[in-house]
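A.B. asks: Quick one, structure for this:
(chains A and B)
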2 protein chains.
Amino acid sequence: MTVTIEIFSQGEEIITGQTVDSNSAWLSEQVVALGFKVTRHSTVGDDLNDLTTLLNEIAQRADCCLCTGGLGPTSDDLTAEAVAKAFALPLTFDAVAYAQIAVFFEQRNRPMPASNRKQAMLPQGALRIDNTLGTAPGFAVKHGRCWFAFMPGVPAEMRHLFKATIKAYLQQHFKVQPSHLVTLKTVGIGESALQERIKDIPLPPSVQLGFRAGTEDVQTKLLFPFAYPSDDKQRLVTQFVAQIGDFVFAIDGLEQPASNLVAVIAAELNATRQTVAVIETLSQGLIAAKCIGQPWLIQSLYQPTLERLTAQFGLALNQMDLMDTALRLGQLVRQQSGADFALVQLLDSSASNAQDEPMVLYTVLATAHGAYPQTLTVSGKLQRKQNQAALMALDLLRRFLQGKHTIVCHEYA
Amino acid sequence: MTVTIEIFSQGEEIITGQTVDSNSAWLSEQVVALGFKVTRHSTVGDDLNDLTTLLNEIAQRADCCLCTGGLGPTSDDLTAEAVAKAFALPLTFDAVAYAQIAVFFEQRNRPMPASNRKQAMLPQGALRIDNTLGTAPGFAVKHGRCWFAFMPGVPAEMRHLFKATIKAYLQQHFKVQPSHLVTLKTVGIGESALQERIKDIPLPPSVQLGFRAGTEDVQTKLLFPFAYPSDDKQRLVTQFVAQIGDFVFAIDGLEQPASNLVAVIAAELNATRQTVAVIETLSQGLIAAKCIGQPWLIQSLYQPTLERLTAQFGLALNQMDLMDTALRLGQLVRQQSGADFALVQLLDSSASNAQDEPMVLYTVLATAHGAYPQTLTVSGKLQRKQNQAALMALDLLRRFLQGKHTIVCHEYA
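C.D. replies: Residues are numbered from 1 along each chain as shown, chains lettered A, B, ... in the order given. Predicted structure coming up:
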């Protein structure tokens, strides 16, 4: 059975764009994991008409609604009033809520402002949801077929009320069955190329396919319904991985915990206590920055000028063959730093220097037994190219560590 | 006259909470500044029925609607199809859009997947909105009284389309009176400390005050209504700056164009053709990464071990007085790199190494005439500390370049 849920955020600061609404995403993620189907997010500002209209709409559409915001003590906090008006449930004084608010101020040695009495006025028959973190209690009412829960907009208080009270209520009162998400994470391949590769895999109608392109990876997501046979799940995921190939660096949701590119590299390097030194050009510090907290990164140098860089290592710059320079530099950096691996990235600056033009990178992974070269063209805005350059260098290392055969080894001369 | 506008985000990744929808806040802020009244934000997932229902609702409610997402090449990108169905505008092949998509792939030396042809299918009579950053063109249609503009969900592409095309259209076709936003940008001071500093400034009721804490700065926002007297505006901003002090690195919206910390530094350095070399520890490449595209950054070295770092420069490590080591290192780095300024950041690793504990940083700005030390404790999650370390080092340079007197000069011994 599908149980639908809507998320409703109230607040002038959200509708005018002063604040990014992160509550809706957090609540959605929580209830999707429980097995609910989120059908809509809505936001309106501090306007009584807009609020009552939206409450009545939702009451007719959804089985359940989680609302945040508008429970504060000031005159522009209208949620309780809007619920009273929309559902004909007059506001009534809740003595327990009032006592809780009084205790909140007592504990902080502050006098209770008169305006806070308003927060103890709840719609008739509402279930009070205690809030130990702030002055605004939450509350729940049922109207038509829809169960509404109202929480403060302050993220910490909202999360607290959800975890302490609302989650258990949802699990008890709605028959939902959690679905299961498997995510294939890739870098170096775009969303449409991914779609091309997997288009011939027959997808059971109950399995939902999705994609997400972010700055750190491109994800292919398979959402399996509750009680989907484990073997069939494994078989489908294996088919996807076979089609996508070595671009897949991690599979989340299938035994292993959630991962990312640096964590995958770290797992391999930490097991063998091996270390890495890096020379960056276009990525300009971003390889190092992405490896924050990783003890195996023992050095990173950013040096925009190839002349200065090669001079620093006593190498002749071979402008005609940058890959040759990168290979020799890789070997030197390994030796001088004492690292097990060197990642050297050279930018062909003889080409156009216009920031928005495509750029060519020569990246080398130097190891004890030979070097792995990667020639790469990156394009788009400069920040995007910087990020791609960093990701692709790290991915070269990841492929080597995972024993992928789509990279070519150059023996040292 | 009030012109109402709604923001509509589409995407399974938003409705299920995998992605926080920052597009709605960005677009709201833009159109509020133009003088529009934002009345509602809505989000639905990749469901044709939900999409057409919502499109028809909005067409009856609003004068204008800005929509993001669902324009990609894959089968779950349904926006064009939903518009076609909701407004009875059959999808038709747009040869210009197709040619633009082909060029996008040509420039990247990649074959165009067949699936991308879908992105050239636009609702009949739609105005195409060219997208030079990606493969998905936007488009606009009018239905009933409502003008709809559809943009990709990728934030960079969405912002590009809005700035390049949609903003001008909105200004020409709707009679709105722009309000005026002035933003004071700071680093190194939190939101509540800002509020404390400005709490005694009398604020006219027509001026709206807001705050936003982001990764790159903390912003204090003053939104002035249309035709607010220029002198009064200037006077209020001056009062705010006086109270906040040297933390303010830029004021956006008052003559100068929008700025950020690196751009403020770049303006000073480029005018005098001066250069900078950097030593990073906790920031781990992030100082360099933030300076992407800046020719004045001529070198950055990340070196986690103070022993190795000092040995590399032939210096004795003074573990008892890291600031002394940082001062001497700063002078050496300046000399060896030939840069006009050296920024040296040393992490006191003798303290706790637990990633979530507070950490102490000794940062020095070395100049031709002396050095400026900064001792700093950063706290929070490791990524937050990394970012703070990078920002505060850059802010030390910014304060020197802007001639702020809240930093202390140490003469070289």
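A.B. asks: in the least confident helix or strand in chain A by mean pLDDT, what's buried?
C.D. replies: Ranked by mean pLDDT, DSSP states H and E, the weakest helix or strand in chain A is strand A:208-213, scoring a mean of 80. By neighbour count with 16 or more other CB atoms under 10 Å in any protein chain shown, strand A:208-213 contains the buried residues A:208, A:209, A:210, A:211, A:212, A:213. The way it works is simple: take the backbone N, C-alpha and C, and place the C-beta from them, glycine included.
A.B. asks: in its sheet, what does it sit against?
C.D. replies: When pairs are called by DSSP bridges, strand A:208-213 turns out to pair with strand A:218-224 (antiparallel).
A.B. asks: Excluding its own residues, what touches the strand it pairs with? List them.
C.D. replies: Contacts to strand A:218-224, defined as CB atoms under 8 Å, 6 or more residues apart in numbering or on different chains, come from residues A:179-187, A:189-191, A:194, A:198, A:206-213, A:233, A:236-237, A:240, A:244, B:18.
A.B. asks: which of those residues are buried?
C.D. replies: Here, 16+ other CB under 10 Å leaves A:179-187, A:189-191, A:194, A:198, A:207-213, A:233, A:236-237, A:240, A:244, B:18 buried among the contacts of strand A:218-224.
A.B. asks: Narrow the residues you listed to those in helices?
C.D. replies: Among the buried ones among the contacts of strand A:218-224, the members found in helices (DSSP state H) are A:191, A:194, A:198, A:233, A:236, A:237, A:240, A:244.
A.B. asks: Farthest pair within the residues you listed?
C.D. replies: Greatest spacing in these, by CB to CB: A:191 and A:233 (23.0 Å).
A.B. asks: State the distance from residue A:154 to residue A:70.
C.D. replies: The gap separating residue A:154 from residue A:70 is 12 Å, by CB to CB, to the nearest Å.
A.B. asks: Which residues does stretch A:247-261 contact?
C.D. replies: Here stretch A:247-261 has contacts from A:180-189, A:216-217, A:233-234, A:237, A:241, A:263-264, A:290, A:391, A:394-395, A:398, A:402, using CB under 8 Å, 6+ apart.
A.B. asks: Repeat that for stretch A:326-336.
C.D. replies: A:277, A:279, A:309-310, A:313, A:315, A:339-346, A:362-368, A:371, A:373, A:410, A:412.
A.B. asks: Could you list the buried residues of it?
C.D. replies: Of the residues in stretch A:326-336, A:326, A:327, A:328, A:329, A:330, A:331, A:332, A:333, A:334 count as buried by neighbour count, 16+ other CB under 10 Å.
A.B. asks: Then stretch A:100-113?
C.D. replies: So for stretch A:100-113, counting by 16+ other CB under 10 Å, buried means A:100, A:101, A:104, A:112.
A.B. asks: and if you look at stretch A:341-351?
C.D. replies: Neighbour count says stretch A:341-351 has A:341, A:342, A:343, A:344, A:345, A:346, A:347, A:348, A:349 buried, by 16+ other CB under 10 Å.
A.B. asks: now that stretch: mean pLDDT?
C.D. replies: The average of the pLDDT scores along stretch A:341-351 is 88.
A.B. asks: what stretches of chain A score poorly on pLDDT?
C.D. replies: Along chain A, segments meeting pLDDT under 70 span A:350-353, A:405-406, A:408-413.
A.B. asks: any idea how it splits into domains?
C.D. replies: A:4-173, A:180-256, A:262-401 (automatic domain parsing).
A.B. asks: closest one to residue B:41 among those?
C.D. replies: Closest to residue B:41 of the domains of chain A is domain A:4-173 (CB to CB; 3.9 Å).
A.B. asks: out of the domains of chain A, nearest to residue B:8?
C.D. replies: Nearest to residue B:8, of all these, is domain A:4-173, at 10.5 Å by CB to CB.
A.B. asks: helices or strands next to the helix ranked longest in chain A in the packing?
C.D. replies: Criterion DSSP H: the longest helix present in chain A is helix A:382-401. Judged by 3 or more CB pairs under 8 Å, 6 or more residues apart in numbering or on different chains; DSSP states H and E, helix A:382-401 is in contact with helix A:261-272, strand A:276-280, helix A:286-290, strand A:341-347, strand A:359-367, strand A:370-378.
A.B. asks: and of those, who's closest to residue B:387?
C.D. replies: helix A:286-290 (9.2 Å).
A.B. asks: contacts for the closest one?
C.D. replies: Against helix A:286-290 from outside (CB under 8 Å, 6+ apart): A:261-262, A:278, A:280, A:297, A:300, A:343, A:345, A:386-387, A:389-391, A:393-394, B:280, B:283-286, B:288-289, B:302, B:386.
A.B. asks: Tell me the first helix or strand C-terminal of it.
C.D. replies: strand A:297-302 (DSSP states H and E).
A.B. asks: anything in that next one near chain B?
C.D. replies: Yes. Using CB under 8 Å from any CB of the partner chain, strand A:297-302 reaches chain B at A:297, A:298, A:299, A:300, A:301, A:302.
A.B. asks: Residue A:74 is in contact with residue A:115, isn't it?
C.D. replies: Yes. Using CB atoms under 8 Å, residue A:74 is in contact with residue A:115, at 6.6 Å.
A.B. asks: Whichever strand or helix holds residue A:52 packs against which elements?
C.D. replies: Using DSSP H and E, residue A:52 sits within helix A:48-61. The elements that helix A:48-61 packs onto, with contact taken as 3+ CB pairs under 8 Å, 6+ apart, are strand A:4-10, strand A:37-44, helix A:79-86, strand A:146-151, strand B:37-44.
A.B. asks: What pairs with the second one, parallel or antiparallel?
C.D. replies: Put plainly, it is strand A:37-44. Assessed with DSSP bridges, strand A:37-44 is paired to strand A:4-10 (parallel), strand B:37-44 (antiparallel).
A.B. asks: That strand: how far from the chain's middle?
C.D. replies: 19 Å (CA atoms, centre = their mean, to the nearest Å).
A.B. asks: Then the third one?
C.D. replies: Relative to its parent chain, helix A:79-86 has a centroid offset of 35 Å by CA atoms, centre = their mean.
A.B. asks: Which residues outside it are in contact with it?
C.D. replies: Contacts for helix A:79-86 (CB under 8 Å, 6+ apart): A:10, A:48, A:51-52, A:55-56, A:59, A:67, A:69-71, A:89-91, A:118, A:121-124, A:126, A:139, A:141, A:143, A:148, A:150.
A.B. asks: Now that we have the residues you listed, which of them are buried?
C.D. replies: A:10, A:51-52, A:55, A:59, A:67, A:69-71, A:89, A:91, A:118, A:121-123, A:126, A:139, A:141, A:143, A:148, A:150.
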